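In: I'll drop the sequence and a predicted model, then ask my questions.
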Amino acid sequence: MRRVAVVGVGYSQFGELWDRGFRDIVLEAGAEALADADLEGREIEAMYVGNMSGGRYLGQEHIAALIADYAGLAEFGIPATRVEAADASGGLAVRQAYMAVASGLHDIVIAAGAEKVTDVGDPMEILSASVDMEWERFVGGNLPALYAIMARMHMESFGTTEEDLAMVSVKNHRNGVRNPKAQFRREIRVEDVLKSPYVADPLKLLDCASISDGAAAVILASEEVARKITDTPVYIEACTQASDYIALHSRKDVLMMKAVVKAAREAYKLAGIKAKDVQVAEVHDSFTIAEILAYEDLGFAEKGRGAELIREGVTEIDGDLPVNPSGGLKACGHAVGATGVRQIVELTLQLRGDAGKRQVDAEKGLALNVGGTGATAVVSILGR
Amino acid sequence: MVPRFWRKIKYRYDLRGSYCENCGNYHYPPRNFCPVCRRRGRVREVKLPDEGRVLSYTVVREGEPCVVALIELDNGVRIISQLSCDPGEVRTGMRVRKAFRRYGEDGEDGIINYGTKFVLAD
């Protein structure tokens, strides 16, 4: 296997983009990534696109060919492939591109992620199709409900409080202020979260990431090519993926995302590092409890003690381990299939020193992208 | 949507799961294949216990508040289901029993979906 570098990154504004279409935002992200890499479209050999539900969000399938076409690549006829694992689709696209380059099949590949959720259909209902529709959703267990069931169990088992959960949201909003492409660029207080209406107790409106429009793209290249085209390559030292039982009721331990634990363990091994060596992380805070679980399952904290990291300020942008400096899914916006790619964009900017007002000091970064309630996890470790 | 519901009626109107004679594990919903033993598994369909206890729950607040719970049946099988009770009544650890209830309908002209919910046991 060859070493793989990120040589170009880009992403669109995230948010409710009423005046912009799916094709517009994907092109914005892709063009930015190409400009960042100083490459031309003709040099891209293959494309992978993470997209959860073009069919239901847009009424459009065949997304990968559509994007390749509108990116001006139809002339070259490159292979363009859509991959799907609910809201881990973006992470999957990066991993497919990574494998295509690492294996030697291609030298330069683009991974994009995109979702336009405000055009057709009910965004949360569609995202909830990531759970077991017949045995969870049928009885009322939509995505917020299932995360709420995990949250209450965590609170009753380990003493995590609603204030702890609120602090995750407050931190991510504070970071989002410094990210010009974030959907929510305003600070909120713990009281604001606690006073927001319940969506599914104990989770409130401000514990939940909004489902947003957005697109992101990264260009990956082999080490040899990367050295020729950039002075600041960021290497993907591991990109792993794992799966788990899809329904919460089938898992022995409801409070442990086994897929995250497995993907993380393999990623640390491949990268030759330990959890404590991670210096910045972008994790999947689709709900505040998900970030607490991520701290534990990634090995940043022992099981049950995730909330201590947020209480002690460890994961603040100026803490020992900044988590979600971009604002995370909560403040940057959760553009479903784009999220996993956007996380890699953020880590690349951070490791290159191009993250502007939200810059942290780090040489190793980790991204965690989760599908549904944890039946898919993708973990990437980047280093400069 | 009718066939999708109709072919599962046996499992929606009652609590059924599978039991693997090789490993002794129960699974809900019933599976054709034991996920623990795979090829060596010997799976048969079984009726699950009528009662269990609430491990965790939430109240979903879209429209009428609706209590959704993770329930552990008396043989250890876990199931996500709805509780037919006042949202203020539910507590973790509470004993619950299965009940046949209405779940909703496929629009005004569609079929009515019935299924198993849980009620407070005592």
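Out: Looks like it arrived, so ask away.
In: Going by C-alpha atoms from here, please, whenever you check contacts or count neighbours.
Out: Will do.
In: So which residues of the chain form strands?
Out: As the question left the chain open, I've gone with chain A. A:4-11, A:46-50, A:80-83, A:108-115, A:198-200, A:203-204, A:214-222, A:234-243, A:280-282, A:364-371, A:376-383 (DSSP state E).
In: The chain in question should be chain B.
Out: Secondary structure of chain B, counting by DSSP E: strands at B:16-20, B:26-27, B:43-47, B:51-60, B:66-73, B:78-83, B:95-105, B:112-120.
In: list the contacts for the residue nearest to the spatial centre of chain A?
Out: Compute the mean C-alpha point of chain A, and by C-alpha atoms, centre = their mean the closest residue is residue A:340, 3.1 Å away. Residue A:340 is in contact with A:87, A:88, A:89, A:90, A:91, A:92, A:94, A:113, A:367, A:368, A:369, counting by C-alpha atoms under 8 Å, 6 or more residues apart in numbering or on different chains.
In: ok, the fourth one - contacts?
Out: By C-alpha under 8 Å, 6+ apart, the contact list for residue A:90 reads A:49-51, A:84, A:112-114, A:336-342, A:369.
In: same thing with the fifth one?
Out: Shown here is residue A:91, whose contacts under the criterion C-alpha under 8 Å, 6+ apart are A:50, A:339, A:340, A:341, A:369, A:378, A:379.
In: Return the distance of residue A:357 relative to chain B.
Out: Taking C-alpha to the nearest C-alpha, to the nearest Å as the measure, residue A:357 and chain B are separated by 38 Å.
In: Could you measure from the closest residue to chain A within chain B over to residue A:126?
Out: Of all residues in chain B, residue B:60 sits closest to chain A, at 4.4 Å by C-alpha to the nearest C-alpha. Distance, residue B:60 to residue A:126, by C-alpha to C-alpha, to the nearest Å: 17 Å.
In: okay, these two: which has more neighbours?
Out: A side-by-side neighbour count of residue B:60 and residue A:126, using other C-alpha atoms under 10 Å in any protein chain shown, places residue B:60 first with 25 against 17.
In: How about residue A:151: what's its closest non-neighbour residue?
Out: Ranked by C-alpha to C-alpha, 6 or more residues apart in numbering or on different chains and with sequence neighbours excluded, the top spatial neighbour of residue A:151 is residue A:289, at 5.7 Å.
In: can I assume residue A:202 is in contact with residue A:152?
Out: Yes. The pair residue A:202 and residue A:152 qualifies as a contact (C-alpha atoms under 8 Å) at a distance of 6.4 Å.
In: what do those two both touch?
Out: With C-alpha under 8 Å, 6+ apart applied, the overlap between the contact sets of residue A:202 and residue A:152 consists of residue B:58.
In: Next, format the strands of chain B as a markdown table and append mean pLDDT.
Out: Listed next are the strands of chain B as a markdown table, based on pLDDT from 0 to 100:
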| stretch | mean pLDDT |
| --- | --- |
| strand B:16-20 | 96 |
| strand B:26-27 | 95 |
| strand B:43-47 | 96 |
| strand B:51-60 | 98 |
| strand B:66-73 | 98 |
| strand B:78-83 | 97 |
| strand B:95-105 | 94 |
| strand B:112-120 | 94 |
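In: how about those strands, which one is nearest residue A:322?
Out: strand B:51-60 (30.7 Å; C-alpha to C-alpha).
In: got a pLDDT number for residue 1?
Out: Let's take chain A. According to the prediction, residue A:1 has pLDDT 92.
In: please go with chain B instead
Out: Residue B:1 is assigned a predicted lDDT (pLDDT) of 69.
In: Likewise for the one 3 residues further on?
Out: Per-residue confidence for residue B:4 comes out at a pLDDT of 77.
In: Those residues of the stretch 201-350 of chain A touching chain B, which are they?
Out: Where the stretch 201-350 of chain A comes near chain B, counting by C-alpha under 8 Å from any C-alpha of the partner chain, the residues are A:201, A:202, A:248, A:249, A:250.
In: Most neighbours among those residues, please name it.
Out: residue A:248 (27 neighbours).
In: pretty sure it contacts residue A:372?
Out: No. Contact between residue A:248 and residue A:372 fails when scored by C-alpha under 8 Å: they sit 10.3 Å apart.
In: What's the local residue count around residue 76?
Out: Unless you meant another one, I'm taking chain A. Residue neighbour count, defined by other C-alpha under 10 Å, stands at 14 for residue A:76.
In: should've been chain B
Out: Residues near residue B:76, counting by other C-alpha under 10 Å: 15.
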